[in-house]
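Engineer: With the input below, show me the fold.
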Amino acid sequence: METKVDVLVIGGGPGGSTAAALLARNGLKVLLLERETFPRYHIGESLLASCQSTLKLSGAYDKVAAHGFTVKRGGIILWGSDRWLLDWNKMVDPNIWSWQVDRAEYDEILLRNAAEKGAEVVESAAVRRVIFEDGRAVAAEWTQLKDGAQVGSVNTVKFDYVIDASGRSGILSQQQFKMRKSHDVFQNIAIWGYWTGAKLLPETPEGGINVVSSPDGWWWHIPLSDGRYSVGLVTHKTKFAQARQDYGTLEKYYLDRLNSVDVMKTVTEGATFHGPVRAEQDYSYVSDRFCGPGYMLVGDAACFLDPLLSTGVHLAQYSAMIGAASILSVRRGEVKEGEAWNFFEYVYRRAYTRMLVLVSRMYERYQGADDYFWNAQKLVHASSRQSEPVRDFTAIIAGVTDLREVEQVDTRVMNEMNEVLLAEAEEMQDSSLAGKAKNDVTALDMNPLFSGWFGLTGPDTSLNDLYLMTEPVLGLRRAKAAVMSQ
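Structural biologist: As a prediction, the model looks like this:
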């Protein structure tokens, strides 16, 4: 069977569902193909405050807010001998929060929302390959699955654009292009399970996450709405391999590691552990490019970062929003495709790289809270900095800084922040990343990449006069035009 759509979305997680909903509710014909049947289990339960904005744009906010997920207003991080109290309401905005979610439930809400907004959603659908003509993505072949096996014939869908939101499987970046580069520093393993009857650290903001460093790595401690706590250890694969052989089962390893950390032993004292213990490789990576002629990569399909700062869903929904805005503006004739793709690549890679720098410093170059927050503040433009560096750090890890910058009309801000971020990233590359260079901080040069692909030359290739606009419609606008009209 052969069909034609405006946009094909591969994957129904937060990135794919958000992109599909945004495009469909703005009038495009969208097909979303999801390999699994929802609800399905997924880790990554702690959301950043920025997710509220994308949920409101996609139309899913009311359903998420009414579901009863645990409200989250910040957290406490114990790192070495330092204690960070990160209260979003006091340090960022008195009216922001997010949620600690059961991802099976959260992701299904977003997927059903995409269908309600007009996208055609097909579950148990496996994309076999994306077809290119003259270097441009134009179609895809997919099959229906039943119990994991193919049923029926191969289907072909033609499209104007494809958004790859296939997560770590990476239909384009990994399977077809093989263009992912791993960050060697972050080759970690996550081991986790669930508890009832646990408690949070004293003074934790409402529903906040607790992060606790340990000799093995670091622990997350997340309160969920049904009285459960998600409790997990992130440790380097080498440490795990050496220690694991001393234990008969993964559960024994997990419980012994937890009980060896006084703080974790205290917050789970008297609590009941509920198996099984799960484990997953947590290797961080980045693709050489996030988009190209006819295609975009969003969420984990493009890049993945160690979960220390809970950035996964933020980056997925943020990139979906930017990608959808770019496509919509191109379709309306407001910008050229090359311009929009440059903008998408730039702002998405910048958001990822900023978080990469912050996580790198915590792992490799942590020299105390004051030094850390001061360096984090440098990643915020001078015109937006607050009096206390910890406030800027908190705004970054709440996802608020990314949202503010992408709507920034002043083109000088983007230029200056690009220079600062590149300098910070290069410093991390030279020292903490042990000279791995391109393998570790790939494509940190966020200058326009695609002029040649689209035949663009001259000033029209610049992304620096574009910014995101969400009202009255989602899209990209020109800063010069905006300034002239004021």
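
Engineer: In the stretch 1-150 of the chain, what residue spans correspond to helices?
Structural biologist: Counting by DSSP state H, counting those that start in this stretch, the segments of the stretch 1-150 of the chain that form helices are 14-25, 51-58, 61-66, 88-91, 103-116.

Engineer: could you dump these to JSON lines with mean pLDDT and mean neighbour count?
Structural biologist: No exception for glycine: its C-beta is placed from N, CA and C like everyone else's. Supplementary listing: the helices of the stretch 1-150 of the chain in JSON lines, determined by pLDDT from 0 to 100; neighbours: other CB atoms under 10 Å:
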{"stretch": "helix 14-25", "mean pLDDT": "98", "mean neighbour count": "31"}
{"stretch": "helix 51-58", "mean pLDDT": "97", "mean neighbour count": "23"}
{"stretch": "helix 61-66", "mean pLDDT": "98", "mean neighbour count": "15"}
{"stretch": "helix 88-91", "mean pLDDT": "96", "mean neighbour count": "18"}
{"stretch": "helix 103-116", "mean pLDDT": "98", "mean neighbour count": "21"}
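
Engineer: Include distance to Leu358 when you put these into TSV, please.
Structural biologist: Shown next, in TSV, are the helices of the stretch 1-150 of the chain (distance: least, CB to CB, whole Å):
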stretch	distance to Leu358
helix 14-25	21
helix 51-58	18
helix 61-66	26
helix 88-91	16
helix 103-116	23
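
Engineer: Which of these sits closest to Arg349?
Structural biologist: Each of the helices of the stretch 1-150 of the chain was scored for nearness to Arg349 using CB to CB, and the closest is helix 14-25 (15.3 Å).

Engineer: got the angle between that closest one and helix 103-116?
Structural biologist: Here the directions of helix 14-25 and helix 103-116 differ by 20 degrees (axes from the mean of the first three to the mean of the last three CA atoms, to 10 degrees).

Engineer: Output the contacting helices and strands for helix 14-25.
Structural biologist: If you count contacts as 3 or more CB pairs under 8 Å, 6 or more residues apart in numbering; DSSP states H and E, helix 14-25 packs onto strand 2-10, strand 30-33, helix 51-58, helix 103-116, strand 149-164, helix 312-331.

Engineer: And that helix, how far out from the chain middle?
Structural biologist: 15 Å (CA atoms, centre = their mean, to the nearest Å).

Engineer: Also stretch 324-331?
Structural biologist: A distance of 20 Å separates the centroid of the chain from that of stretch 324-331, by CA atoms, centre = their mean.

Engineer: Stretch 191-206 now?
Structural biologist: The gap between the average C-alpha position of stretch 191-206 and the chain average comes to 23 Å, counting by CA atoms, centre = their mean.

Engineer: Can you give me the domain boundaries for this structure?
Structural biologist: 2-177+285-468, 188-281 (automatic domain parsing).

Engineer: average pLDDT across the last one?
Structural biologist: Right, domain 188-281. Taken as a whole, domain 188-281 carries a mean pLDDT of 97.

Engineer: The top helix by length along the chain versus helix 312-331: what angle between them?
Structural biologist: The helix of greatest length in the chain, counted in residues with DSSP state H as the criterion, is given as helix 337-364. Between the axes of helix 337-364 and helix 312-331, defined by the same axes, to 10 degrees, the angle is 170 degrees.
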